[in-house]
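K.L.:
I would like to see how this sequence folds:
(one chain, ligands or ions: 1)
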Amino acid sequence: MTTRRDFHRRSLEDREGFWAEQALLVDWFRPFESVLDYSSPPFVRWFVGGQTNLCHNAVDRHLAARGDQPALVWISTEVNETQSYTYRELLTEVRRAAAMMRALGVDTGDRVIIYMPNVPEAVFAILACARIGAVHSVVFGGFAAASLAARIDDARPALMVTADAGSRMGKLVRYKPLVDESIALARHPPDKVLVFNRGLDPELQMVEGRDIDWQALAARTGGQDVGCEWLESNAPSYILYTSGTTGSPKGVQRDVGGHAVALAASMKHIYCGEAGETMFATSDIGWAVGHSYIIYGPLIAGMTSILYEGVPVRPDAGVWWRIVQDYGVSVMFSAPTAIRVLKKHDPAYLTQYDLSSLKHLFLAGEPLDEPTHRWIHEGLGRPVIDHYWQTETGWPVLTAMPGVESIPIKYGSPSFPAYGYDVRLLRESDGSEAGAGEKAVVAIVPPLPPGCMSTVWGDDERYVQTYFSTFSHTFVYSTFDWGTRDADGYFYTLGRTDDVINVAGHRLGTREIEEAVNAHPNIAECAVVGVADSLKGQMPLAFAVAKDGARLGSADGRRSFEQEVMHTVDRQLGAVARPRAVHFVTLLPKTRSGKTLRRAIQALAEGRDPGDLTTIEDPSALDQIRDALLRG
Ligand code: AMP
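P.N.:
Have a look, this model is predicted:
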């Protein structure tokens, strides 16, 4: 029996042997010539010369053994509907979507932006892109038109796919008007928009000559057999935009072969998901978790994947556990915020259903505090595993690996580095290795394993500059997270080292939010910081300087100005980024060289000591922050 320690050691000491073995978990049309090419660090090419296809591995190859097994089960507690697709039916739908894309002129290598709620058609569109070798870029529905426009201009898609609307807590959430708005704002809009009309929005408007109705086109192109395009392992499979320290989002680019192998391996060694079993990831298809663990991972493993549209507490706080019971879910994946939401409800919901099928509940996306970890573990009576990863890595970096060895779980810890990752804790000052108990930067010695981002879309230089330039003498990938290790080697993460905040598991750059606040015509400048929030982990808080302060003399004037600024953020970025409050000041605390002292502001907002202030230009600026916080 291999131990997790030996497994990890071998993955680093014999990378080629280790990953060649994992590569057997997927189908190759043409075998690879070499396992890895690391001749141009930090760029790494995995399974060089091999040809494969993600859609083939996720769908076609299962037809013989499990054509009649459900592949995708869509459960919407928003519109009270359930639909189930066997692998055979999924293939038919994906072929149909692929035929539509071909008919609309989408070629291999072209980009397709998908802006859709959690509906099966979104999965068909994603897999159809993979099938024809088009590069999909799914944008989370919570993002507003200006964010979508920025992504359009970066990806320059040949096609956009959308739906009329989604639904949240029973309320209509329009998608199509945002696409229209973003196309009006974009410099490089696509010629065509494919629209799946769910019949939710009676006011849906189609643009003549540009918008195509999904069902009408499907009726014309249905039945065509569009085969899988065999792609070289390192061809791009998708782009997923993520927030960083600068205002412009980064396109995380992933490959084909390494991605397939990494996900297949993670299903086996980490998630313990067997073919024929059911996986339930409660995420949105617009996030990395949705890509890896609603779509590709479970389908590559031959599992049934549940796609859920809804919230965890409607119709009641037992809805997810009822799904686990009814569908015999063996692997579940969710986020700490969702658990904190459930914690506000009767714990009896956790014990009302038969959860014996559930092998593990995995949680990720943000720090899992110890009380929440304990509450959900004790409440469910099933193992709950905290694990840590990022959009950039695509699969877990720090995790227990129950498929390799069962280890004791410590509350609040994502355990140990996963195979393939040479994780180090490095001192911020000089990049040297930190000792046990010392807070340091979580870094990974390259080459990064298969499945991690290959580069920033269209900008190799930015990839190197952003991720590999943290330390002057140590060439490592920085996760931009603080971490520490206890005497037993268990890791703990301690928040971001950069200006990125995590709101309910959604990663947002404070600079992006500042740009959105600044878009209000009467804002001169602002500072946005993340402050601790008992439900969402963190929330943005804005401090703004008005160009014209005439309205700020009265509480009513301040309140209406604050509302306007919040609406500006909604329109620019989306409601996910809306600050908890906007405080008005006449001066921001800055250093003499003009840098805003965000860490000092954040400390005050969280009731902590603001720390070293020797470089501050005007100390009265901090008094203004204190007063504004007191005013509330
Ligand atoms: P995203 O790329 O949006 O998934 O966000 C990744 C970031 O979320 C990481 O860099 C961490 O800051 C945070 N994160 C993800 N998983 C965990 C976890 N298990 N514990 C603590 N932080 C996490």
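
K.L.:
who in the stretch 401-550 of the chain is up against the ligand?
P.N.:
Remark: the part of the stretch 401-550 of the chain in contact with the ligand comprises 414, 479, 481, 493, 496, 502, 507, using CB under 6 Å from any ligand atom. Every C-beta, even on glycine, is put in place using the N, C-alpha and C of the backbone.

K.L.:
Is whichever residue of the stretch 451-600 of the chain sits closest to the ligand in a helix, a strand, or coil?
P.N.:
The nearest approach of the stretch 451-600 of the chain to the ligand comes at residue 507, 3.4 Å away (CB to the nearest ligand atom). Per DSSP: H, G, I helix; E, B strand; the rest coil, the secondary structure class of residue 507 is strand.

K.L.:
on that earlier part again, top of the residues of the stretch 401-550 of the chain next to the ligand by number of neighbours, please.
P.N.:
Neighbour tally across these (other CB atoms under 10 Å): the maximum, 27 neighbours, falls on residue 414.

K.L.:
ok so, going back, now the two most distant members of the residues of the stretch 401-550 of the chain next to the ligand.
P.N.:
Across those, the two members that end up farthest from each other (CB to CB) are 414 and 507, 16.6 Å apart.

K.L.:
pretty sure residue 201 is touching residue 176, no?
P.N.:
Yes. With contact defined as CB atoms under 8 Å, residue 201 counts as touching residue 176 (7.0 Å).

K.L.:
Restricting to C-alpha, output stretch 565-584 in CSV.
P.N.:
The C-alpha coordinates for stretch 565-584 follow below in CSV (Å, rounded to 0.1, in the frame of the first residue of the first chain):
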residue,chain,number,x,y,z
VAL,A,565,-22.0,54.6,-6.2
MET,A,566,-23.2,51.1,-5.4
HIS,A,567,-25.3,51.1,-8.6
THR,A,568,-22.3,52.2,-10.5
VAL,A,569,-20.4,49.2,-9.2
ASP,A,570,-23.4,46.9,-10.1
ARG,A,571,-23.3,48.2,-13.6
GLN,A,572,-19.6,48.1,-14.1
LEU,A,573,-18.7,44.8,-12.4
GLY,A,574,-21.8,43.2,-11.1
ALA,A,575,-23.6,43.0,-7.8
VAL,A,576,-21.1,40.4,-6.5
ALA,A,577,-18.6,43.3,-6.1
ARG,A,578,-21.0,45.8,-4.5
PRO,A,579,-19.3,47.3,-1.4
ARG,A,580,-20.9,46.7,2.0
ALA,A,581,-20.7,50.5,2.5
VAL,A,582,-19.2,53.6,0.8
HIS,A,583,-17.7,56.0,3.3
PHE,A,584,-16.9,59.6,2.2
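
K.L.:
what comes up buried for it?
P.N.:
Residues of stretch 565-584 classed as buried: 565-566, 568-569, 571-574, 576-584 (neighbour count, 16 or more other CB atoms under 10 Å).

K.L.:
Same check on stretch 480-499?
P.N.:
So, applying 16+ other CB under 10 Å, buried residues of stretch 480-499: 480-485, 490-493, 495-499.

K.L.:
quick one: which of those residues sit in strands?
P.N.:
Of the buried residues of stretch 480-499, the ones assigned to strands by DSSP state E are 480, 481, 482, 483, 484, 485, 491, 492, 493, 495, 496.

K.L.:
The fourth one and residue 426 touch, don't they?
P.N.:
No. If you go by CB under 8 Å, residue 483 and residue 426 don't touch, sitting 9.8 Å apart.

K.L.:
Name whatever forms a beta bridge with residue 195.
P.N.:
The partner list for residue 195 in beta bridges (DSSP bridges) reads residue 162, residue 213.

K.L.:
With the ligand as the reference, measure out to it.
P.N.:
As judged by CB to the nearest ligand atom, to the nearest Å, residue 195 and the ligand stand 28 Å apart.

K.L.:
follow-up on the earlier one: which ones among the buried residues of stretch 565-584 are found in strands?
P.N.:
Among the buried residues of stretch 565-584, the residues falling in strands (DSSP E) are 582, 583, 584.

K.L.:
residue in the stretch 101-250 of the chain nearest to the ligand?
P.N.:
Closest point on the stretch 101-250 of the chain to the ligand, by CB to the nearest ligand atom, is residue 242, at 5.4 Å.

K.L.:
ugh, typo on my part, it should be the stretch 351-500 of the chain
P.N.:
residue 391 (3.3 Å).

K.L.:
where's that residue, which helix or strand?
P.N.:
For residue 391, there is no enclosing helix or strand under DSSP states H and E.

K.L.:
wait, isn't it in contact with residue 288?
P.N.:
Yes. Between residue 391 and residue 288 there is a contact at 4.1 Å, judged by CB under 8 Å.

K.L.:
Report the set of residues contacting both of residue 483 and residue 426.
P.N.:
Shared contacts of residue 483 and residue 426, defined by CB atoms under 8 Å, 6 or more residues apart in numbering, are found at 440, 441.

K.L.:
Contacts made by stretch 271-283 with the rest, please.
P.N.:
Residues from elsewhere that reach stretch 271-283 (CB under 8 Å, 6+ apart): 62, 65-66, 69, 73, 267, 289-290, 293-294, 297-298, 301-306, 308, 312, 320, 323-324, 327-335, 338, 357, 359-360, 362, 402-403.

K.L.:
Buried ones in that stretch, by neighbour count?
P.N.:
Those would be 271, 272, 273, 277, 278, 279, 280, 281, 282, 283, for stretch 271-283 by 16+ other CB under 10 Å.

K.L.:
In JSON lines: those, plus secondary structure.
P.N.:
As requested, the buried residues of stretch 271-283 are arranged in JSON lines below (three-state DSSP):
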{"residue": "271", "secondary structure": "coil"}
{"residue": "272", "secondary structure": "coil"}
{"residue": "273", "secondary structure": "coil"}
{"residue": "277", "secondary structure": "coil"}
{"residue": "278", "secondary structure": "strand"}
{"residue": "279", "secondary structure": "strand"}
{"residue": "280", "secondary structure": "strand"}
{"residue": "281", "secondary structure": "strand"}
{"residue": "282", "secondary structure": "coil"}
{"residue": "283", "secondary structure": "coil"}
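
K.L.:
between these, which is nearest the ligand?
P.N.:
Among the buried residues of stretch 271-283, and counting by CB to the nearest ligand atom, the member closest to the ligand is residue 283, at 9.7 Å.

K.L.:
How about residue 163: what's its closest non-neighbour residue?
P.N.:
Excluding its sequence neighbours, the residue lying closest to residue 163 (CB to CB, 6 or more residues apart in numbering) is residue 196, at 4.4 Å.

K.L.:
what does the protein put close to the ligand?
P.N.:
So the chain meets the ligand at 242, 288, 364-368, 386-391, 414, 479, 481, 493, 496, 502, 507 (CB under 6 Å from any ligand atom).

K.L.:
Wait, residue 18 touches residue 450, no?
P.N.:
No. In this structure, residue 18 is not within contact of residue 450 by CB under 8 Å, at 10.3 Å.

K.L.:
between those two, what contacts are shared?
P.N.:
Jointly contacting residue 18 and residue 450 under the rule CB under 8 Å, 6+ apart are residue 420.

K.L.:
and those two? which has more neighbours close in?
P.N.:
Legend: neighbour count by other CB under 10 Å for residue 18 and residue 450, higher for residue 450 (29 against 21).

K.L.:
Is it correct that the more buried one is in contact with residue 45?
P.N.:
No. Counting by CB under 8 Å, residue 450 stays clear of residue 45, with 10.1 Å between them.

K.L.:
Sketch out the low-pLDDT regions of the stretch 151-300 of the chain for me.
P.N.:
Within the stretch 151-300 of the chain, the segments meeting pLDDT under 70 span 245-247.

K.L.:
so what's residue 243 closest to, chain neighbours aside?
P.N.:
residue 509 (3.9 Å).

K.L.:
tell me the pLDDT at the one you found?
P.N.:
Among the per-residue scores, residue 509 holds a pLDDT of 88.

K.L.:
What residues are recorded as beta-bridge partners of it?
P.N.:
Going by DSSP bridges, residue 509 forms beta bridges with residue 500.

K.L.:
how many neighbours does it have?
P.N.:
Around residue 509 there are 24 residues (other CB under 10 Å).
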